[in-house]
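Peer 1: requesting a structural model of the entry that follows:
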Amino acid sequence: MRGAPRDAVVEVPVARTADVAPGTARQVVVQGAVIALSNVGGQLYAMDGVCVHRGGPLGEGDLQGKVLECPLHGWTYDVTSGQSLVNPAAKLRMYPVAVRDGEIFLDL
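Peer 2: Numbering: from 1, shown residues only. Modelled structure (predicted):
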């Protein structure tokens, strides 16, 4: 039986665009991964949704412009790059986002 290679990218539907209004973030769990979806002026971004500081749920944080603040201890991240604004050595994984027919897809 043949299938996709182990390291193949799989495009997965994760939410509807109406679920992530401009200026907001939302947490989704996809194939066991916690992802923070953010909408910056209509552009959607996806990054690992667990804060490297103490494991806070980033998708439940406050989004101001392109900066997402962890609701637990205030660590901040640039949602366009995954870079921590508190610790230059900390960077979260980013996921490619596609939108079709009002549905958000991530490459996992």
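Peer 1: report the buried residues of the strand or helix carrying Val12.
Peer 2: Per DSSP states H and E, Val12 falls inside strand 11-16. Across strand 11-16, burial judged by 16 or more other Cβ atoms under 10 Å covers Val12, Val14, Ala15. For every residue, glycine as well, the C-beta is placed using N, CA and C.
Peer 1: as a markdown table, those with pLDDT and distance to Gln27 would be great.
Peer 2: A markdown table is the format used below for the buried residues of strand 11-16 (pLDDT from 0 to 100; distance: Cβ to Cβ, whole Å):
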| residue | pLDDT | distance to Gln27 |
| --- | --- | --- |
| Val12 | 94 | 15 |
| Val14 | 97 | 11 |
| Ala15 | 97 | 10 |
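Peer 1: in CSV: those, plus distance to His53.
Peer 2: Formatted as CSV, these follow (distance: Cβ to Cβ, whole Å):
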residue, distance to His53
Val12, 27
Val14, 24
Ala15, 25
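Peer 1: ok, so of the residues you listed, who is nearest Val29?
Peer 2: Val14 (9.0 Å; Cβ to Cβ).
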